[in-house]
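J.: quick one, fold the following:
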Amino acid sequence: MSGHSKFANIKHKKEKNDAAKGKIFTIIGRELAVAVKEGGPDPANNSKLRDVIAKAKANNMPNDTIDRGIKKAAGDAASVNYEYVSYEGYGPGGIAIIVDALTDNKNRTAANVRSAFTKGKGNIGTPGCVSYMFDKKGQIIIDKEECETEADDLMMIALDAGAEDFAEEEDSFEVITDPDAFSEVRQKLEEEGIPMASAEVTMIPQNWVELEDEEAVKNLQRTLDMLDEDDDVQAVYHNWDE
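T.: Below you'll find the predicted structure:
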C-alpha cells in the first residue's frame with residue numbers, strides 16, 4: 001500500500017457546478033461517439049465503450065443520455081470525425097502540462113491550446129518534452145462515504161483483479177492499474193458493487209512541484225482555466241502541487 005499519487009478532493013469532485021457538468025458531458029459524449037465508431041454500439045463486445053459508459057455513470061450522466069449518445073453515434077458513425085491530439089509544454093515555474101484533445105479541427109485546437117499557454121506565460125514544447133515525467137496508469141477513485149466494503153477487503157478485491165497498487169486517504173481509496181489491465185479491474189469492482197467516484201486511464205506525475213510566486217500561480221491558473229473552457233480539450237494533466 002502506498003501513497004505515491006496525489007488525490008483530488010472527493011467533495012470538490014462532487015460539487016461540480018452546472019458549467020463544469022456540461023463540459024464533462026460534452027467530453028464523454030465525444031468519447032462515446034469515438035468508441036462506438038471504433039468498436040460498435042454493443043458494450044458487451046466493445047471494452048472501450050464499456051469503460052466510457054462507466055466514466056459517464058461515475059460523473060452522474062443519466063442513462064437515457066448515455067443511450068441516446070450511443071444510438072446517435074451508431075446511426076451516423078460516418079459523420080464522427082473526431083481525432084485524438086496531444087500537446088505538451090511548460091507553465092510558469094517549469095510546471096509540466098499535458099493536454100489531451102478530441103477534435104474535428106486540429107488547426108483550431110492547436111491555436112486555442114497555444115493561446116492558453118502563451119497567455120499564462122508558458123510555452124508549448126515538442127512531443128515527449130514532459131510526458132516522461134508522468135506514468136500512464138488506470139486510476140479508480142472510491143468515495144469512502146459511498147463504499148460499505150472494508151479497506152482490507154477492498155484492497156484484496158482490487159489486487160486479485162490485477163491492480164498494481166491500492167492506497168487509502170482521508171476521504172477516499174485509490175486503485176492504480178496498468179493501462180492494459182484497467183478495464184478488467186474496473187469491471188471486477190463493478191461486479192462486486194463497488195461505487196466508483198471516477199475511473200479512467202490518466203497520467204500521474206512522478207513528482208509534484210510547488211509554486212511560491214503568486215504571479216506564477218495566477219498565470220498558471222489562467223492557462224488551466226482557458227484549457228478547461230475549451231470544448232476540444234478532454235483532459236489536462238500537470239504536476240503542480242496546488
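
J.: show me what secondary structure element comes after the top helix by length along the chain.
T.: Assignment by DSSP state H gives helix 18-39 as the longest helix of the chain. Counting by DSSP states H and E, the element after helix 18-39 in chain order, helix or strand, is helix 47-58.

J.: elements contacting the helix or strand hosting residue 137?
T.: Under the criterion of DSSP H and E, residue 137 resides in strand 134-143. On a contact count with 3 or more CB pairs under 8 Å, 6 or more residues apart in numbering; DSSP states H and E, strand 134-143 meets helix 10-14, strand 172-177, helix 182-191, strand 198-205. Bear in mind the C-beta positions are built from the backbone N, C-alpha and C, glycine included.

J.: what lies in contact with the longest one?
T.: This points to helix 182-191. The contact list for helix 182-191, computed with CB atoms under 8 Å, 6 or more residues apart in numbering, reads 47-48, 50-51, 54, 138, 140, 142, 157-158, 160-163, 175, 177, 196, 199, 201.

J.: can we see that at 7 Å?
T.: 47, 50-51, 54, 138, 140, 157-158, 161-163, 175, 177, 196, 199, 201 (CB atoms under 7 Å, 6 or more residues apart in numbering).

J.: tell me the buried residues in that helix?
T.: Using 16 or more other CB atoms under 10 Å as the test for burial, helix 182-191 gives 182, 183, 184, 185, 186, 187, 188, 189, 190.

J.: check whether residue 198 really touches residue 56, as I assumed.
T.: No - when contacts are counted by CB atoms under 7 Å, residue 198 is not listed as touching residue 56 (11.3 Å).

J.: that older thread, closest one of the buried residues of helix 182-191 to residue 86?
T.: residue 182 (18.4 Å; CB to CB).

J.: what is the rounded mean pLDDT of stretch 116-135?
T.: Mean pLDDT, stretch 116-135: 96.

J.: grab the CA positions of it and hand them over as CSV.
T.: Extracted C-alpha coordinates of stretch 116-135, given in CSV (Å, rounded to 0.1, in the frame of the first residue of the first chain):
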residue,chain,number,x,y,z
ALA,A,116,-3.8,29.3,-23.4
PHE,A,117,-0.1,28.5,-22.8
THR,A,118,1.0,31.9,-24.1
LYS,A,119,-1.4,34.0,-22.0
GLY,A,120,-0.3,32.1,-18.9
LYS,A,121,3.4,33.0,-19.7
GLY,A,122,4.1,29.4,-20.6
ASN,A,123,5.1,27.7,-23.8
ILE,A,124,4.2,24.6,-25.9
GLY,A,125,7.1,22.2,-26.3
THR,A,126,7.8,19.2,-28.6
PRO,A,127,6.1,15.8,-28.2
GLY,A,128,7.7,14.0,-25.3
CYS,A,129,9.2,17.0,-23.7
VAL,A,130,7.3,16.5,-20.4
SER,A,131,5.4,13.2,-20.7
TYR,A,132,8.5,11.3,-19.4
MET,A,133,7.7,12.9,-16.0
PHE,A,134,4.4,11.1,-15.9
ASP,A,135,3.3,7.5,-15.6
